[in-house]
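**Q** no letters, just coordinates:
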């Protein structure tokens, strides 16, 4: 690093990743207070995933903020433990990490509870221990920790939580998580993780070595198509959530469902060959999907 260069800002590096998600995180049309709070929640969720995946900004600033020594700066379980300790300070003290300091006013303003945040940390702890999922039900249990808390936080931030909305939100979030797993098969394999249920791989005669190929075989494509249909069904199951709210929140939730559907469409357009890299939806397709949802066509 030269004298004119500065170390990367870990807070900004994390928040800037919002533009690469399959769904709009805090779009411009929302009230400013909602945007600020949703970005604070996103910052937490993105950072805990980056810790769990080993994708923190270079330089070790996140570890230093969390009080983790340089010797343990690459130790993911130690970082997750320190992150949970700092999260608890959000509720009863003064957190150290700037993203958690950003989160604290949101927690207080919206009366958020620790449970959804702890679920996201638990999912990333599980990622350090579990690299394969035997059944689809096992994968759904993982999504209960890794994805569903995010939707519940969105409902809590916007003051619209009800038991039925939470149920519908869980379906959408699990669908979005499965879509992301399909897009990232090759990337996850590089981390020695496979989120395709083992029982389904056996059903379609897919071996783990098949997932490391440059392009997908017919069997892999059939497997991906099968899981993509599951994701589509979950998104459709949760879609009535959009019609249960009004105003700008309706636009936001339509964007979540549309983002998932457009991603499934992109996977299908790639003929279910996800191995060369993640198929990404086109903006026009996302807008079409959002329009159909808002018109009540799906």
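**A** Structure received. Bear in mind that the values here come from a model prediction, so they are computed numbers and not experimental data. Numbers count the residues shown, from 1 in each chain.

**Q** by mean pLDDT, which helix or strand of the chain comes out lowest?
**A** helix 10-15 (a mean of 75; mean pLDDT, DSSP states H and E).

**Q** and the next helix or strand past it?
**A** Downstream of helix 10-15, the first helix or strand assigned by DSSP states H and E is helix 32-53.

**Q** residue 142 is in contact with residue 126, isn't it?
**A** Yes: with contact defined as CB atoms under 8 Å, residue 142 and residue 126 form a contacting pair (6.4 Å). Glycine gets a C-beta too; all of them are placed from N, C-alpha and C.

**Q** picking up where we left off before, helices and strands around the least confident helix or strand of the chain, which ones?
**A** Judged by 3 or more CB pairs under 8 Å, 6 or more residues apart in numbering; DSSP states H and E, helix 10-15 is in contact with helix 32-53, helix 61-65, helix 98-110.

**Q** what is the shortest one packed up against?
**A** For helix 61-65, the contact count by 3+ CB pairs under 8 Å, 6+ apart identifies helix 10-15, helix 32-53, helix 76-92 as packing neighbours.

**Q** could you list the buried residues of the second one?
**A** Going back to what we said before, that points to helix 32-53. Of the residues in helix 32-53, 34, 36-52 count as buried by neighbour count, 16 or more other CB atoms under 10 Å.

**Q** residues contacting residue 146?
**A** With contact taken as CB atoms under 8 Å, 6 or more residues apart in numbering, residue 146 is in contact with 119-120, 123-124, 126, 177.

**Q** next: residue 44.
**A** The neighbourhood of residue 44, defined by CB under 8 Å, 6+ apart, consists of 87, 99-100, 103, 117, 120.

**Q** re earlier: out of the contacts of residue 146, which end up buried?
**A** Buried members of these, counted by 16+ other CB under 10 Å: 119-120, 123-124, 177.

**Q** with pLDDT and secondary structure added, can I get those in CSV?
**A** Listed next are those as CSV, based on pLDDT from 0 to 100; DSSP: H, G, I helix; E, B strand; the rest coil:
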residue, pLDDT, secondary structure
119, 98, helix
120, 98, helix
123, 98, helix
124, 98, helix
177, 97, helix
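
**Q** let me know the closest of the residues you listed to residue 147.
**A** Within the buried ones among the contacts of residue 146, proximity to residue 147 (CB to CB) peaks at residue 177, which comes in at 3.7 Å.

**Q** excluding its backbone neighbours, what's nearest the closest one?
**A** Once flanking residues are discounted, residue 177 sits nearest to residue 147: 3.7 Å by CB to CB, 6 or more residues apart in numbering.

**Q** dihedrals phi and psi, the one you found?
**A** Phi and psi for residue 147, reported as degrees, to the nearest 10, are phi -130, psi -50.

**Q** now swap in residue 117 and tell me
**A** Dihedral angles for residue 117 - degrees, to the nearest 10 - are phi -70, psi -40.

**Q** surely it and residue 87 touch.
**A** Yes: under the criterion of CB under 8 Å, residue 117 makes contact with residue 87 at 5.5 Å.

**Q** so which of those two has more stuff around it?
**A** Neighbour count, other CB atoms under 10 Å: between residue 117 and residue 87, residue 117 has more, with 25 against 21.
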